[in-house]
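[1] I would like the atomic coordinates for the input below:
(2 chains)
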Amino acid sequence: MKLTILQLFPELLNLYGDRGNITVLKKRCALRGIEAEVLTCSIEEPIPFQAADIIYLGGGSDHDLPRVAQKLSQHKETLLSYRDDGGVLLATASGYPLLGHAYSIRGKEHTGLSLVDMTTREGAKKLTGSISLNTSFGVLVGFENHNGQTFLGKGVTALGNVLSGNGNNGEDKTEGVMYKNIYGTYLTGPLLPSNPELSDLLIAKAAERKYKTFPDFPPLPNEIENLAKGYILNYGNRTHKG
Amino acid sequence: MKQLQLIASILVCKFLIFVGKLMGKRSSSAPGRLALKICPQAVRMLSQKVKYETICVLGTNGKTTTNNMINTLLLKSGYSTVCNCVGANMFDGVATAYLSKASLFGALKADYAVLEIDEATAKIVFDHLSPDIIVVTNLFRDQMDRYGEIDQTLKQLEIAIEKAPEALLCLNADDPMSSYFTKAVSNRCVTFGVSQRVDQPLTEEKEGRNCLFCNAPLSYEYYHYNQLGNYACPNCDFKRPTPDFSATDVVCEPAIQFTFNQTETVSAEIFGFYNIYNMLAAMAVAELLELRIANYTEAFQSYRPQTARMEVFPLSKPVVLNLAKNPAGFNQAIATLLNDPRKKAVVIGINDMPSDGCDISWLYDVNFEELTNCTAYGVSGKRLYDMALRLYYTEVCDSPAMNPDPVPLAMDFLKTDCEVVYVLVNYTLIFDAKDALEKEVKLYQKQQKKGEQK
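    Numbers count the residues shown, from 1 in each chain, chains lettered A, B, ... in the order given. Reported below is the predicted structural model:
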């Protein structure tokens, strides 16, 4: 079995150590005997969508995001058919709002990719701190740091419900989005190390799409992962702001 | 009335420092914080009483080192100073420095003020005092959840510098984020830099690779570390300025040696390439103040590194303690460690208290991948499990030893097959680690003496 992970524009979208997510996907593939190839693609290069089994869109600076969105919108049709074909995509932190119809940065509204029915407006304050959420596949933890307030359309499901922290907008207790195999979240940077459930789900969905059966992975111990998660669940509260 | 308030605030500050000492605490911020409540104008009133220049040191890394080096050179030249030597670089720390130096009647006898100031605090501090020289050491990614992104830090500094239009800027020519100010503001500027290629054993994430004026990717003839090097913008006229104060013929192993301004050979028992920048900045200030230091090698002999910058503790084997707060600092520590040919065990400690930064995503900007040839690995601090995962997923070590406290791990490693133990920790772990290691050294020396008597 072989999966290809496509990391988009690492020169711009590695603001918060996002490369850690790629490291985790690679290692957890290897532990299941899956060969994982990582392709990186700079914003100047043509994007090898055809080869991708998992696409990763990390977080970038306010300054660079419109450029990223502009480049991706040139491939909107390809992305839409990737989505409808069950292609797996993970967008994190400031990459997440790009999935929706529109997003705002410093008072200016920009057009998004419309891969998911959602819209992001600029909030009055930055939502910063540790966050935990309950999802259909387990509890996720991480760190959030965003000005954006994202509101989901009626037909789309949130990634999870906020246990502590702010989430999509600090109002409706939702966090992130799942639509087909597109996953978006405000969790920043390296979220996969302490959330193996999400890593394994992405790998399984990608394998299912490529090899037509949902793989029956043997469970991994995840001992240290759970200890890291436990820290945020027990002590993360003191870092909540916003 | 104001004078009475000032005197009251001095009394309170001095009293609190005294009480703190009795309790064995390093009180460097709290006394000033309370004193400022009594006399909010204390810094403004006292800073005007400094006889000559006020020097402020800003930047992400090397502030404390540079500040203390400048202070050393001034003291060595026979001057008295106000200095926040302990690294308390918020407004209350600056206030503590002035108030503790003042007499009980509100007089201040100081020739110079030498102050390190936090990047986000500078714009507040500069409302209260007028710096004559502002040093910007470098700008790296640090504690992001506090500063926002690096462009925000740059903006904060710009606002601060605009409040001090008369100040002379002393900038790092090799850092495009620092030398940005040669063009971005109208202040007079001088620069310092390392004017030759020096091969460093690491490649890492680079900040600000794009020109800050036209956004084109900068082209580099060479990198020193991070975004420091010899750069030029292919699109506009922004490029590394020719430094007014330069280092050439650089040697870093074992200790630092270089030629200053093509004339004087300077050597010092100071380790790590990055310290050349701190020395250069301090020497630039000394030249600007016309201190006429005849021999810098001799002058730097009286410089003592502050707490835990590659500080060696002589136990049965040496234990090296180092503070690193961000990717640039950690990568430099790893580079120093890799240059050490001895068999090494390493303990890494990561806390996430507010002064460390609550977000630890930066662990993935540090090149822990390079740390492959150690004989033992340990992780500690509040985020020890995240650090363990960092080493596990990056294939450096599957199951590092774990203990929230770094020093017991280091003591265990002394018994293993290594020749030196490195302890690399971030800010809120450093003081306890230093205290614990000092205790271990005393205990060890006692045991050695007993052994000799037998």
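
[2] only C-alpha atoms for contact and neighbour calcs from this point on.
    Noted.

[3] residue of chain A nearest chain B, please.
    As assessed by CA to the nearest CA, chain B sits closest to residue A:17 within chain A, at 4.5 Å.

[4] low-confidence ranges, the stretch 151-300 of chain B, go.
    B:200-208 (pLDDT under 70).

[5] repeat that with 50
    Within the stretch 151-300 of chain B, the set of residues satisfying pLDDT under 50 is empty.

[6] show me which residues of chain B sit near chain A.
    When proximity is defined as CA under 8 Å from any CA of the partner chain, chain B approaches chain A at B:145, B:149, B:354, B:358-359, B:361-365, B:383, B:385-386, B:388-390, B:393-394.

[7] return the residues in contact with the closest residue to residue B:269 other than its chain neighbours.
    Spatially, and ignoring its direct neighbours in sequence, residue B:269 is nearest to residue B:255 (5.4 Å; CA to CA, 6 or more residues apart in numbering or on different chains). Residues near residue B:255 by CA atoms under 8 Å, 6 or more residues apart in numbering or on different chains: B:267-272.

[8] swap in 6 Å and give it another go.
    B:269-271 (CA atoms under 6 Å, 6 or more residues apart in numbering or on different chains).

[9] which one of these has the most neighbours?
    Neighbour counts for the contacts of residue B:255 (other CA atoms under 10 Å in any protein chain shown) peak at residue B:270, which has 21 neighbours.

[10] and that residue, what element?
    Using DSSP states H and E, residue B:270 maps to neither a helix nor a strand.

[11] what's the answer for residue B:247, then?
    Using DSSP H and E, residue B:247 falls in strand B:245-251.

[12] quick check: longest strand of chain A.
    strand A:118-135 (DSSP state E).

[13] run through who's touching that one.
    Identification of contacts with strand A:118-135 by CA under 6 Å, 6+ apart yields A:100-104, A:139-153, A:160-165, A:236, A:239-242.

[14] following it, which helix or strand comes up?
    strand A:138-152.

[15] partner strands of that next one, with direction?
    Strand pairing for strand A:138-152, determined by DSSP bridges: strand A:118-135 (antiparallel).

[16] looking at the residues of chain B next to chain A, which are in helices?
    Of these, the ones assigned to helices by DSSP state H are B:145, B:385-386, B:388-390, B:393.

[17] dihedrals phi and psi, the closest residue to residue B:317 other than its chain neighbours?
    Spatial nearest neighbour of residue B:317, excluding adjacent residues (CA to CA, 6+ apart): residue B:420 at 5.8 Å. Phi and psi for residue B:420, reported as degrees, to the nearest 10, are phi -150, psi 150.

[18] residue B:420: neighbour count?
    Look at residue B:420: counted by other CA under 10 Å, it has 23 neighbours.

[19] which residues of chain A fall in strands?
    Under DSSP E, chain A gives strands at A:2-8, A:35-41, A:54-57, A:88-92, A:102-105, A:108-111, A:118-135, A:138-152, A:160-164, A:174-175, A:177-179, A:182-185.

[20] return the most buried member of those strands.
    Of the strands of chain A, the one with the most neighbours on average (mean count of other CA atoms under 10 Å in any protein chain shown) is strand A:174-175, at a mean of 27.

[21] number of residues surrounding residue B:302?
    Residue B:302: 13 surrounding residues under other CA under 10 Å.

[22] separation between it and chain A?
    Using CA to the nearest CA, to the nearest Å, residue B:302 is found at 40 Å from chain A.

[23] look at residue B:433 and report its pLDDT.
    Residue B:433 carries a pLDDT value of 96.

[24] for chain A, what is the nearest residue in chain B?
    Counting by CA to the nearest CA, chain B gets nearest chain A through residue B:364, at 4.5 Å.

[25] report the beta-bridge partners for the closest residue to residue A:162 other than its chain neighbours.
    Distance criterion CA to CA, 6+ apart; nearest residue to residue A:162, sequence neighbours excluded, is residue A:133 at 4.3 Å. Residue A:133 has these beta-bridge partners by DSSP bridges: residue A:140, residue A:162.

[26] just checking, what packs against the strand holding residue B:247?
    strand B:189-194, strand B:256-260 (3 or more CA pairs under 6 Å, 6 or more residues apart in numbering or on different chains; DSSP states H and E).

[27] and the angle for the first one with strand B:245-251?
    For strand B:189-194 against strand B:245-251, the angle between stretch directions is 10 degrees (axes from the mean of the first three to the mean of the last three CA atoms, to 10 degrees).

[28] list the contacts for residue B:425?
    B:323, B:348-350.

[29] where does confidence bottom out across the residues you listed?
    Within these, pLDDT reaches its minimum at residue B:323, with 90.

[30] how close does it sit to residue A:157?
    Counting by CA to CA, to the nearest Å, the gap from residue B:323 to residue A:157 is 45 Å.

[31] again with residue A:127
    Taken as CA to CA, the span from residue A:127 to residue A:157 is 21 Å.

[32] repeat for residue B:10
    From residue B:10 to residue A:157 the distance is 60 Å (CA to CA).

[33] neighbour count winner among those two?
    residue B:10 (30 against 16).

[34] tell me which element the closest residue to the more buried one other than its chain neighbours is part of?
    In space, and not counting its chain neighbours, residue B:10 is closest to residue B:99: 5.3 Å by CA to CA, 6+ apart. Assigned by DSSP H and E, residue B:99 belongs to helix B:91-101.

[35] tell me what that helix is packed against?
    Counting contacts by 3+ CA pairs under 6 Å, 6+ apart, helix B:91-101 packs against helix B:30-38.

[36] buried residues in the next helix or strand after the helix it packs on?
    Next in sequence after helix B:30-38, counting helices and strands by DSSP H and E, comes helix B:42-47. Neighbour-count burial for helix B:42-47, counted by 16 or more other CA atoms under 10 Å in any protein chain shown, picks out B:42-47.

[37] next one: stretch B:116-133
    By 16+ other CA under 10 Å, the buried positions in stretch B:116-133 come out as B:116-123, B:125-126, B:128-133.

[38] contacts for it next, please.
    B:44, B:53-58, B:63, B:67, B:89-90, B:156, B:160, B:167-169.

[39] ends of it, what's the gap?
    Distance between the two ends of stretch B:116-133: 12 Å, counting by CA to CA.

[40] can you check stretch B:215-230 too?
    End residues of stretch B:215-230 are separated by 17 Å (CA to CA).

[41] count of residues packed around residue A:208?
    Residue neighbour count, defined by other CA under 10 Å, stands at 14 for residue A:208.

[42] quick one: contacts for it?
    Applying CA under 6 Å, 6+ apart, we find residue A:208 in contact with residue A:214.

[43] for it, give its distance to residue A:5.
    Here residue A:208 is placed at a distance of 15 Å from residue A:5 (CA to CA).

[44] list the buried residues for stretch B:277-297?
    The neighbour-count check on stretch B:277-297 (16+ other CA under 10 Å) flags B:277-286, B:291, B:293, B:296-297 as buried.

[45] dump those to a markdown table, plus secondary structure.
    Listed next are those as a markdown table, based on DSSP: H, G, I helix; E, B strand; the rest coil:
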| residue | secondary structure |
| --- | --- |
| B:277 | helix |
| B:278 | helix |
| B:279 | helix |
| B:280 | helix |
| B:281 | helix |
| B:282 | helix |
| B:283 | helix |
| B:284 | helix |
| B:285 | helix |
| B:286 | helix |
| B:291 | coil |
| B:293 | coil |
| B:296 | helix |
| B:297 | helix |
